[in-house]
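Asker: Just a sequence and a predicted model for now, questions to come.
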Amino acid sequence: MSKMSSVKRSIITAVCIGLCVVLPMLFHSIPNGGTLFSPMHIPVLLSGLICGWPFGLLCGLAGPLLSSLITGMPPMAYLPSMMIELAVYGLVCGLMINLIRTKKLYADLYISLVVALIAGRIVAGIARALIFAPGSYSMAAWATGYFVATWPGMVIQLALIPTIVFALMKAKLIPQRYPAKG
Amino acid sequence: MSITIENLSYSYVQHSGEKIAALKGVSCSIEVGDFVGIMGPTGCGKTTLLQLLAGLLSPTSGHIYLHGEDINAKGYDRNSLRQTIGVVFQDPEYQLFATTVEKDVAFGLKHSGLCRDEINANVKWALETMGFEFEKIRHQSPLALSGGEKRRVAIAGVLATKPKILMFDEPIAGLDPYGRQSFLQFITQMNQSGTTVIMVSHNIEALCEYTRHLLVLEQGKLIDSGATRDVFGRRKQMVSSAFGQTEAQKIVTMLSEGALALSPAIVTYDDLLSALKQELTRGGMG
Amino acid sequence: MRTLPTGQYIPGHSLLHKLDARVKILCLMLFIAAIIGAASIWGYTLVLVTIAGLILLSKLPIRSVVGSIRRMGLFLLVIFMMNALFFDQENPLASWWIFHLSSGGMKQGFSVVGNVVLILMLGNLLTMTTSPTQVTTALESLIKPLALIGVPTEEVAMIISVAIQFIPTLMAETESIKRAQLARGARFESKKLTERAASFIPLVVPIFISAIRRADELALAMEARGYRNAKNRTKRKKEPLVLHDYSALTISASICLIQFLLLR
C-alpha cells in the first residue's frame, strides 16, 4: 500500500472526499437504508488505510466540510465535532496500518480500524464535551456515552471495510500488502 | 407475460429545483415472446422507460400491466416481479462484488424461495449459457476476470432467475464486432426459447436485423411504434432527421441520386443485396 | 445532466452576497470570537444588533436564517441539560442519583445554548450568501500560510478541486449501481445487525471499485501528461479586494476589539 505514486494517492483521496459527499445522499434514498451508521466514515477510513495518514487526515477534514456545504449533511451544528472525529479516524488508521505488520492482512486491518474508531470516538466525545459543556464534572461520562451509543455503526464498518480492501486488491487497483511469494 | 403500458408519465425534480418530464403519456403493448427494440436520441427517456417497466421507479401517472396486473398497485408482489423481469443495464460488469463468481451469480436468487440445489442448478445453467465451464469459473474472483468475462458473468447473474422478460440497456455499445455478433445471436436464442426480449439501442443495424417490433421515443414521447420494417420505412420519409435510417436505406437514397432507383421498401442489408443482385442479372448478364 | 446541489446557497444581489468569500470567512471567525467573549448584557446586545444588521443586509427572509435552528431544538435542550445537571456537585438546588441541578450549571447552559444559536445563525448567513464553490476557493486561499509549516497547500487545493469535479460523476455511478442491484433483488431491511451490514456489500463494494478505478485512470492520465506536483498548476486569477471588503473586515475587527476591551 505504500508503493503507489503520490499522484495516485492524491486522486484516490479526492475520490474518497467526493464519496463522503455522495454516499450519504445514496443511503438516504434507499428504502430502509437507515441511519444506523454514518456512511461518511467509510471513505475516510479507506483513504487512511490505502494512502497513508496525511491523506486520511485530509479526507477526514475535507469530507464532512464539503458535504455540509454541498448537501447540508451534516448540519452545521455537528460539523466541528464530525470533522474532528473523522480527522482522527483518517490519521490514526493511517498511522496504525504502517506500524502493524502481523503478516495477516485481516488482522492488520481489524486492529488499525478498531484503534482508529475508538480513538476517534473518544476524541470527538471529549471535543463535544469541551465545546458544549466545559467544566461539567462528567465530561468523561459524556465522552464514553457517545462512544457506547454508536457501537452498531462500528460493527458495520468493521464488516464492510476489509471486504472493500480485499476487493480492491483482487481487482488489482491497489498493490497487494503481502504479495504471495513464487 | 404480456406487458401493457397505459398513458405512462414520469417526472422528477432536480436538486436545482428544476422539474424534468422524462416520459409523457406513453402507451403501447408488448406481446409474449416478442423481440422489441427501443430507439431514440440521447435523453429521450429510454432508460427511464426500462426502469419503470422493471418496477424500479414509480410512475408519476399512468399504469403498467404485467399479464393484466398493475405492477404499481398496492400489494403487488415485488419479489416475483424481480424474478420475472431481468434487466441488464449498461456496463453491467460494474455491479460485480462477491468473492466468487458462483456467489455473485447466485445473488439474485437469494429471495427466490428456491432450495439450495435448485439455486446451484440455476447458477450452473446461467454460467454455461454464457459460455463458461462451470467447474473452472465458479470459484474465481469476479473482480480479477477480464472485461469480457466480467460482462458475461454479470449477464449470467441476471439470467440466473430465469426471467420470462429480459431487458437490455445499450448492451452492445463498446463491444467489438465479434462481441456484438455473439451477443445478438445469444439474445436471439433466448428469444427463440420463449423469453420476451426488450433491447434499447443506438445501433440502427442491430435493431433492424434482429428486432421484430420497434418503439421510437423522442423527448419523452412515443412518436412511432410498430413492426420494425414498417417503422424504418416511415422513418425514411422523415426528411428532417436522417436519424433512424438504416445504412441500407441511406445507400438506396444515394443510389437514387445517381440514377439507380431501387425499391423504397428496402430496409436491411439482405434486402439491398437481393435488390442489387436482381438489378445486375437484369442489367447485364441477361 | 445532474448538476451539483448547492446546499443552503440562495443566490442574490445583497451586499453580503457581493463580499469576497475570504473576507466573509475571516469576519465569521472574528464574530465567533466576539460572541464567545461576550461577558455582559452589553456584550450580548452588541452581538445581537450586529447579527440583526447582517440579516437585514443580506436581504434574506428571517425565517430561512432562523428556520434550521428551530430543528435543532432537541439538541439544544440536551446541551442545556448537560450543563444544568452536571456542572456543580457541591451546591445543588436539587439532586437525584447522579444528576445535580445547580444555578451555575443553568447559567452556563443558557450561555452555551445562546452562543451556539448565534454562531449557527452567522454560519447560516455565510452559507446562504456564498456558493459552495466560492467557499472552497476561499478556503484554499486562506490555508496558504500553512505552507510555512510544511503543509502542501497546493496539493491540498488540487485534491479538493478534483473531488468537487468528481461529485456529479460519482452521483451518477452510485445511482446506476444501486439501480442494477435493486433490479437483481437486493434488499436492505434485515433486523440482525450482521445481516444488515452484509446487505450493504453489493452496494458499497462496486461503488468503491468503480470510483477507485476512475481515480486510477485519472492519475495515469495526469502522470502521462507530465504532472509532477501541484506547484506547476495554472493559477486561477484572484479578484482583488474592494472597498466594501476592507470595510467589512475593519468593522468586524472593531466589534471584536470592543467586545474584548470595553465591554468586559
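Answerer: All right, it came through fine.
Asker: where does C:Tyr9 land in three-state SS?
Answerer: coil (DSSP: H, G, I helix; E, B strand; the rest coil).
Asker: Now do the closest residue to it other than its chain neighbours against chain B, distance only.
Answerer: With CB to CB, 6 or more residues apart in numbering or on different chains as the criterion, C:Tyr9 has its nearest non-adjacent residue at 4.7 Å, and that residue is C:Ser131. In short, each C-beta sits where N, CA and C put it, glycine included. In this structure, C:Ser131 and chain B are 12 Å apart, going by CB to the nearest CB, to the nearest Å.
Asker: For stretch A:66-73, what is the distance to the chain centroid?
Answerer: 17 Å (CA atoms, centre = their mean, to the nearest Å).
Asker: how about that stretch: buried residues?
Answerer: For stretch A:66-73, the neighbour count (16 or more other CB atoms under 10 Å in any protein chain shown) marks A:Leu66, A:Ser67, A:Ser68, A:Leu69, A:Ile70, A:Thr71, A:Met73 as buried.
Asker: Find the centremost residue of the chain, please.
Answerer: Because you didn't say which chain, this covers chain A. A:Leu45 (3.0 Å; CA atoms, centre = their mean).
Asker: Actually, chain B is the one I wanted.
Answerer: B:Met199 (1.1 Å).
Asker: Whatever helix or strand that residue lives in packs against which elements?
Answerer: Using DSSP states H and E, B:Met199 sits within strand B:196-200. Here strand B:196-200 touches strand B:35-39, helix B:46-53, strand B:165-169, helix B:177-192, helix B:204-210, going by 3 or more CB pairs under 8 Å, 6 or more residues apart in numbering or on different chains; DSSP states H and E.
Asker: Format those as CSV; extra columns: mean neighbour count, mean pLDDT and distance to B:Leu114.
Answerer: Output for the helices and strands packed on strand B:196-200, formatted as CSV (neighbours: other CB atoms under 10 Å in any protein chain shown; pLDDT from 0 to 100; distance: least, CB to CB, whole Å):
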stretch, mean neighbour count, mean pLDDT, distance to B:Leu114
strand B:35-39, 25, 92, 28
helix B:46-53, 23, 89, 24
strand B:165-169, 24, 93, 19
helix B:177-192, 15, 89, 20
helix B:204-210, 19, 87, 32
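Asker: So which residues of the stretch 151-264 of chain C form strands?
Answerer: Secondary structure of the stretch 151-264 of chain C by DSSP state E, counting those that start in this stretch: no strands are present.
Asker: what residues does it put near chain B?
Answerer: Proximity of the stretch 151-264 of chain C to chain B, by CB under 8 Å from any CB of the partner chain, involves residues C:173, C:176-177, C:179-187, C:201-202, C:205-206, C:209-210.
Asker: which helix in the chain runs the most residues?
Answerer: Picked chain A for this. helix A:105-132 (DSSP state H).
Asker: if you could check chain C rather than the one you did, that'd help
Answerer: helix C:153-183.
Asker: If you count contacts, what does that one end up packed against?
Answerer: helix A:6-28, helix A:53-71, strand B:85-88, helix C:132-142, helix C:201-224.
Asker: By mean pLDDT, show me the worst of these.
Answerer: Of all those, the minimum mean pLDDT falls on helix C:132-142 (a mean of 87).
Asker: For that one, buried residues please.
Answerer: Counting neighbours by 16+ other CB under 10 Å, one finds that the buried residues in helix C:132-142 are C:Pro132, C:Thr133, C:Gln134, C:Val135, C:Thr136, C:Thr137, C:Ala138, C:Leu139, C:Glu140, C:Ser141.
Asker: Can you classify the closest residue to chain B within the stretch 1-150 of chain C as helix, strand or coil?
Answerer: Residue of the stretch 1-150 of chain C nearest chain B, by CB to the nearest CB: C:Pro5 (3.9 Å). What three-state DSSP gives for C:Pro5 is coil.
Asker: what about it, how many neighbours?
Answerer: Look at C:Pro5: counted by other CB atoms under 10 Å in any protein chain shown, it has 19 neighbours.
Asker: so the closest residue to C:Ile255 other than its chain neighbours is in which element?
Answerer: The shortest distance from C:Ile255 to any non-neighbouring residue, by CB to CB, 6+ apart, is to C:Ala34 (5.4 Å). Assigned by DSSP H and E, C:Ala34 falls within helix C:21-36.
Asker: if we can go back for a sec, so how far is B:Val26 from the residue nearest to the centre of chain B?
Answerer: 17 Å (CB to CB, to the nearest Å).
Asker: repeat for C:Gln108
Answerer: Distance of C:Gln108 to B:Val26, given as CB to CB: 63 Å.
Asker: ok so, going back, just name the closest of the buried residues of helix C:132-142 to B:Gln249, please.
Answerer: C:Thr133 (48.2 Å; CB to CB).
Asker: Give me the distance between the closest one and B:Leu109.
Answerer: For C:Thr133, the distance to B:Leu109 - CB to CB - is 46 Å.
Asker: While we're on B:Leu96, how confident is the model there?
Answerer: At B:Leu96, pLDDT is 92.
Asker: hmm, back to that, shouldn't the residue nearest to the centre of chain A be in contact with A:Val88?
Answerer: No: taking contacts as CB atoms under 8 Å, A:Leu45 lies outside contact range of A:Val88: 10.8 Å.
Asker: quick revisit: so who does the residue nearest to the centre of chain B touch?
Answerer: B:Phe35, B:Val36, B:Gly37, B:Ile38, B:Met167, B:Phe168, B:Pro171, B:Ile187, B:Ala206, B:Leu207, B:Tyr210, B:Thr211 (CB atoms under 8 Å, 6 or more residues apart in numbering or on different chains).
Asker: Reformat the residues you listed into TSV and put distance to chain A next to each item.
Answerer: Shown next, in TSV, are these (distance: CB to the nearest CB, whole Å):
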residue	distance to chain A
B:Phe35	33
B:Val36	30
B:Gly37	31
B:Ile38	26
B:Met167	22
B:Phe168	25
B:Pro171	23
B:Ile187	28
B:Ala206	30
B:Leu207	33
B:Tyr210	33
B:Thr211	34
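Asker: Next SSE downstream of the least confident helix or strand in chain A by mean pLDDT?
Answerer: Least confident helix or strand of chain A, by mean pLDDT, DSSP states H and E, is helix A:139-149 with a mean of 69. Counting by DSSP H and E, the next helix or strand C-terminal to helix A:139-149 is helix A:151-170.
Asker: Check what contacts that next one and list those residues.
Answerer: Contact with helix A:151-170 is made by A:36-38, A:41-42, A:45-46, A:49-50, A:105-106, A:109-110, A:113-114, A:117, A:174-177, B:97, B:99, B:141, B:143-144, C:193-194, C:196-198, C:200-201, C:204-205, C:208-209, C:212, as judged by CB under 8 Å, 6+ apart.
Asker: Just the buried ones from those residues?
Answerer: Neighbour counting with 16+ other CB under 10 Å marks A:36-38, A:41-42, A:45-46, A:49-50, A:109-110, A:113, A:117, A:174, A:177, B:97, B:99, B:141, B:143, C:196-197, C:200-201, C:204-205, C:208-209, C:212 as buried within the contacts of helix A:151-170.
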